[in-house]
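> generate coordinates for the sequence data below:
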Amino acid sequence: MGLENGSTATVMLPSGLITSYKAPMWHGGSVELLHTSVSEGDEGEAVIQGGVSLALNCEDDDEVSWSPSNWTLRDISGNSKDSIKVELISTDTENMVETRHILTLQEDVLSSEIVVSNSKSSPLKWTGSIISHLTVSSPDATYALGLEGSNFLSIPPFLSDFGIVPPDFDQENGSYIGQLWNQMGLDRLFNGNAREEEMEGEEDDGYKQLDEQMSRIYTSAPRFFTVIDRGRRNSVHVGRDGFDELYMFSPGSKHEIYGEYSYICVGQSAMLKPIILGPGQVWRGSQHLHNPNL
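Below you'll find the model as predicted:
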């Protein structure tokens, strides 16, 4: 996907992973805003992680769960002058659940929208997140603006198939890392060594440096906040619609600058408070990555 002003985005099928979002900058060039990692799999295949991915799980009253993972191209619209929209779809006909992932590239915004439709005659519980890895020079040079006063819960990092977490992350505290962090992970967390009151807090810094290891869900964060990278001299405005929670993860600054773990992970989340869809209902939620650097 490419616009005349120089904004581009790259999407992989059938995984639906957004591997690149390059945005024009004030200095006349363009900068990659997403962080990806390429490694070799067990059978010699290329394994790509990072970028913008979906970690979704739908569950019905019978506790039958389904997670969309293979996406089919449904429609492309727009033009290179104004905006381009790409619609992907993943359908489970047996469980009568349809999920659409709508990507929109505008002059200074990349939006990811999720649309979940319940065609069943019974309610559906939906949990998950849009997880974005924003590339930075180093977490040491990166700051989050606008989260002061937001309540948060410290949690273990949760992974999709595309998540990146250092193998030694928080080893001293024995963090629990699951394939997809869900209610089982939450129960294990609360029933383990840490007590809930020790993990809760309120953000007291309006210009928060992200140099320390952290994994949190903010439960009362504003719909928009800003990530500033002083090393690369750029920033990203992150916004959400439909989601009540903000997930933020930092691998910390002990790693190599501009290396494999030079990123900040943000996620628009529905994990602590699942979305309940009644029969015939449709739910929408989206994330917006806005480039203010022109």
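> next, the nearest residue to Asp229 once chain neighbours are set aside: phi, psi?
Leaving aside its sequence neighbours, Asp229 sits nearest to Val136 (CB to CB, 6 or more residues apart in numbering; 4.4 Å). In short, each C-beta sits where N, CA and C put it, glycine included. Dihedral angles phi and psi of Val136 (degrees, to the nearest 10) take the values phi -140, psi 170.
> quick one: Val136 and Asn234 touch, right?
No - using CB atoms under 8 Å, Val136 is not in contact with Asn234, being 9.1 Å away.
> counting by contacts, list what the helix or strand in which Trp126 is found packs against.
Using DSSP states H and E, Trp126 maps to strand 124-135. Contacts defined by 3 or more CB pairs under 8 Å, 6 or more residues apart in numbering; DSSP states H and E place strand 124-135 against strand 52-60, strand 109-118, strand 234-241, strand 263-277, strand 282-290.
> switch the cut-off to 7 Å
strand 52-60, strand 109-118, strand 263-277, strand 282-290 (3 or more CB pairs under 7 Å, 6 or more residues apart in numbering; DSSP states H and E).
> how about the strands in the stretch 101-250 of the chain?
Applying DSSP state E, counting those that start in this stretch to the stretch 101-250 of the chain gives strands spanning 109-118, 124-135, 142-145, 151-154, 200-202, 207-209, 214-218, 224-229, 234-241, 245-250.
> same list, these, but as JSON lines with distance to Pro24, mean neighbour count and mean pLDDT please.
Converted to JSON lines, the strands of the stretch 101-250 of the chain look like this (distance: least, CB to CB, whole Å; neighbours: other CB atoms under 10 Å; pLDDT from 0 to 100):
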{"stretch": "strand 109-118", "distance to Pro24": "13", "mean neighbour count": "21", "mean pLDDT": "94"}
{"stretch": "strand 124-135", "distance to Pro24": "16", "mean neighbour count": "24", "mean pLDDT": "93"}
{"stretch": "strand 142-145", "distance to Pro24": "21", "mean neighbour count": "22", "mean pLDDT": "96"}
{"stretch": "strand 151-154", "distance to Pro24": "33", "mean neighbour count": "17", "mean pLDDT": "94"}
{"stretch": "strand 200-202", "distance to Pro24": "37", "mean neighbour count": "12", "mean pLDDT": "92"}
{"stretch": "strand 207-209", "distance to Pro24": "26", "mean neighbour count": "16", "mean pLDDT": "95"}
{"stretch": "strand 214-218", "distance to Pro24": "30", "mean neighbour count": "22", "mean pLDDT": "94"}
{"stretch": "strand 224-229", "distance to Pro24": "16", "mean neighbour count": "19", "mean pLDDT": "96"}
{"stretch": "strand 234-241", "distance to Pro24": "11", "mean neighbour count": "20", "mean pLDDT": "95"}
{"stretch": "strand 245-250", "distance to Pro24": "26", "mean neighbour count": "25", "mean pLDDT": "95"}
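> residues in contact with the residue nearest to Asp229?
142, 229, 231-232, 262-264 (CB atoms under 7 Å, 6 or more residues apart in numbering).
> again, 8 Å this time
35, 142, 227, 229, 231-232, 262-264 (CB atoms under 8 Å, 6 or more residues apart in numbering).
> so how far is Ala144 from it?
11 Å (CB to CB, to the nearest Å).
> any shared contact partners between the two?
227, 264.
> tell me the confidence at Ile275?
At Ile275, the model reports a pLDDT of 92.
> rebuild the strands of the stretch 101-250 of the chain as TSV, extending it with distance to Glu87.
Below are these laid out as TSV (distance: least, CB to CB, whole Å):
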stretch	distance to Glu87
strand 109-118	9
strand 124-135	16
strand 142-145	31
strand 151-154	34
strand 200-202	39
strand 207-209	36
strand 214-218	29
strand 224-229	25
strand 234-241	17
strand 245-250	25
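> between these, which one is nearest to Asp42?
strand 124-135 (22.8 Å; CB to CB).
> okay, the angle between the closest one and strand 263-277?
Per axes from the mean of the first three to the mean of the last three CA atoms, to 10 degrees, the angle that strand 124-135 makes with strand 263-277 is 170 degrees.
> what angle separates strand 124-135 from strand 109-118?
160 degrees.
> centre of the chain versus strand 124-135, how much separation?
Centroid separation between strand 124-135 and its chain, computed with CA atoms, centre = their mean, to the nearest Å, is 5 Å.
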